[in-house]
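**Student:** sharing a model that was predicted from the sequence below.
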Amino acid sequence: MATRLAGTFLAGATSRLLPASIPLRFFGAAVASHVFAWLALLAGSGTLPRFAGGLGWTLAALHLVTLGVLVMTAIGASLQLLPVATRQPVRSMRWPVVIWWLYAPGVAAIALGMGLALPWLLAAGATAVIAALVVYGALLARNLAGARGMPIVVAHGWSALASLLAVLVTAFSLAFTYVGLPLIDRATGLALHVAFAAYGLMGMLALGFSYILVPMFALSAAPPERRALVSCALAALALVLAGAAALGLAPQALRVAAVLAALVAVGLHLRMMVVATKTGMRRELGRSFRLVRISWVLLPLSLLAALAVALGAPFGGMPTLFGLTLIGGWLLTFLLGILQRIVPFLASMHKPPGKSAPRTPSSLTDDRPLAVHFWCHLAALALLALAILADNAWIAATGALVGFAGAIAFSTFFVILLLRMRRPPPARATRNAPVA
Ligand code: HEM
């Protein structure tokens, strides 16, 4: 029973694999964006403690994280994991490559356009990224429509896809506001954009994939389907309420109702995740899951911060603190924890060149840079929170530097993994090496 989920997930998986170079190019770009994000944050540290939108390096850093790390990883992971999870063949090798070539340079143009305050570059980058996301959305829709099994993942996938539509419209409108072509007014666009991009698109993908990945790594039974679907429905309801509030329909009351619905949805989800990690056959899940567990605490905290913003808390830094808890705290911490686990896992499914056997995930993982990254990441988040509370740009700059050191360590882990993929495993590494 306990290993059934992992077994179902992995059965025949190798026949549904993309060439390693496809997911790895998305993960590589995410790792690089992570480094640039902290540098951009350093450049924008003067305005960070009271950041509330507007072009500049802080907005660039935000989008290097959201588009560069979060969505980039989500695209790479879902292109690979969804066909495996929903038992379908990989239909196209070409479209994922086309997506990458539109998306990665597009994100770079958006970041530079925001950082250097060049509206035409931002608009050009937004056009490329939106085109890439339309193609990605079409691939995701085709995959979900043909899915066999995994109704929980499929329900979350459709919710993420619906949110993607809202993200595309609002992203276009916000970016083209700066060249004088807005679709909707900026305040409405921003409120819709934050809710649907962060909680809708990224949040639904993160919650949905957790139902596969957490039991798979913990070797636990699949979570109860009905409860997971109730959690998904409540999260979708929260998004609809937040959307209606953003459009001006009883904004205060609906925003509070949205947060409450989201808190119940998240409560149900986290309860199932905790049960999976506590009852699985693998109890010691390592440092990667310590990051995931910390992100699980920060998710409800981000909702409480959203509630404080909705109720007009008398603290000027509240919207910034909300953004930090949501993007850096929950989503980035979660993604980096999962990324350090799935990259070696997917890499181990591909044979190295020549006749040597595939390597184990643990023999591909160098634990030392990940240990450095773990502490730097947490210290950077704590320093950024302190910078907002104390309204102090120097603390923000220190936080960005510590985060940058962590990102370099994370890149080191990734480069070492790529090098190890090409070499046969040393004899001692294949025997029960601990998992990072
Ligand atoms: C097509 C891709 C995207 C484009 C072109 C884009 C563009 C923009 C622009 C121009 C703004 C600034 C609005 C202003 O202050 O005038 C903005 C704000 C924001 N974006 Fe995006 N965005 C995109 C995707 C995303 C995604 C995927 C996320 C999250 C996962 C995200 C999160 C945010 C947040 C949190 C803000 C609010 C910043 C603040 O005012 O506090 N964006 N976006």
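**Tutor:** Here it is on my side, so go on.

**Student:** burial count for the residue nearest to residue 76 when sequence neighbours are not counted?
**Tutor:** Nearest residue to residue 76, sequence neighbours excluded (Cβ to Cβ, 6 or more residues apart in numbering): residue 26, at 2.7 Å. For the C-beta atoms, the positions are set from N, CA and C on the backbone; glycine is no exception. Neighbour count of residue 26, defined by other Cβ atoms under 10 Å: 24.

**Student:** name the next helix or strand downstream of the host helix or strand of residue 258, please.
**Tutor:** Taking DSSP states H and E as the definition, residue 258 sits inside helix 251-279. Scanning forward in sequence from helix 251-279 by DSSP H and E, the next helix or strand is helix 286-310.

**Student:** so which other helices or strands are in contact with that next one?
**Tutor:** Helix 286-310 sits against helix 251-279, helix 318-323, helix 333-348, helix 367-390, with contacts defined as 3 or more Cβ pairs under 8 Å, 6 or more residues apart in numbering; DSSP states H and E.

**Student:** do the shortest one and the ligand meet at all?
**Tutor:** Yes: shown here: helix 318-323 in contact with the ligand (Cβ under 6 Å from any ligand atom) through residue 323.

**Student:** export that helix to CSV, keeping only CA atoms.
**Tutor:** Below are the C-alpha coordinates for helix 318-323, written out as CSV (Å, rounded to 0.1, in the frame of the first residue of the first chain):
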residue,chain,number,x,y,z
MET,A,318,2.6,45.4,5.7
PRO,A,319,2.1,45.0,1.9
THR,A,320,5.8,44.4,1.4
LEU,A,321,5.9,41.9,4.3
PHE,A,322,3.0,40.1,2.7
GLY,A,323,4.9,40.0,-0.7
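
**Student:** so which elements touch it?
**Tutor:** helix 286-310, helix 367-390.

**Student:** from the chain's centroid, how far away is the helix holding residue 258?
**Tutor:** Taking Cα atoms, centre = their mean, to the nearest Å, the mean C-alpha location of helix 251-279 is offset from the chain mean by 18 Å.

**Student:** for it, what is the average pLDDT?
**Tutor:** The pLDDT scores in helix 251-279 average 97.

**Student:** got the angle for it vs helix 286-310?
**Tutor:** 160 degrees (axes from the mean of the first three to the mean of the last three Cα atoms, to 10 degrees).

**Student:** buried ones in helix 251-279?
**Tutor:** Residues of helix 251-279 classed as buried: 254-259, 261-263, 265-266, 268-270, 272-273, 275-277 (neighbour count, 16 or more other Cβ atoms under 10 Å).

**Student:** ok, back up a step: quick one: the residue nearest to residue 76 and residue 70 touch, right?
**Tutor:** No: taking Cβ atoms under 8 Å as the definition, residue 26 is not a contact partner of residue 70, at 11.5 Å.

**Student:** list, one by one, the residues from this structure near the ligand.
**Tutor:** Contact residues, the chain versus the ligand (Cβ under 6 Å from any ligand atom): 52-54, 59, 62-63, 66-67, 70-71, 110, 126, 129-130, 167, 171, 174-175, 186, 190, 193-194, 197-198, 201-202, 323.

**Student:** tell me the buried residues within these.
**Tutor:** By 16+ other Cβ under 10 Å, the residues of the chain next to the ligand give 59, 62-63, 66-67, 70-71, 110, 126, 129-130, 167, 171, 174-175, 190, 193-194, 197-198, 201-202, 323 as buried.

**Student:** tell me the spacing between residue 218 and residue 275.
**Tutor:** Residue 218 sits 10 Å away from residue 275, going by Cβ to Cβ, to the nearest Å.

**Student:** just residue 149 next, same as before
**Tutor:** For residue 149 relative to residue 275 (Cβ to Cβ), the value is 21 Å.

**Student:** that older thread, and the helix holding residue 258, what does it pack onto?
**Tutor:** Going by 3+ Cβ pairs under 8 Å, 6+ apart, helix 251-279 lies up against helix 204-218, helix 225-246, helix 286-310.
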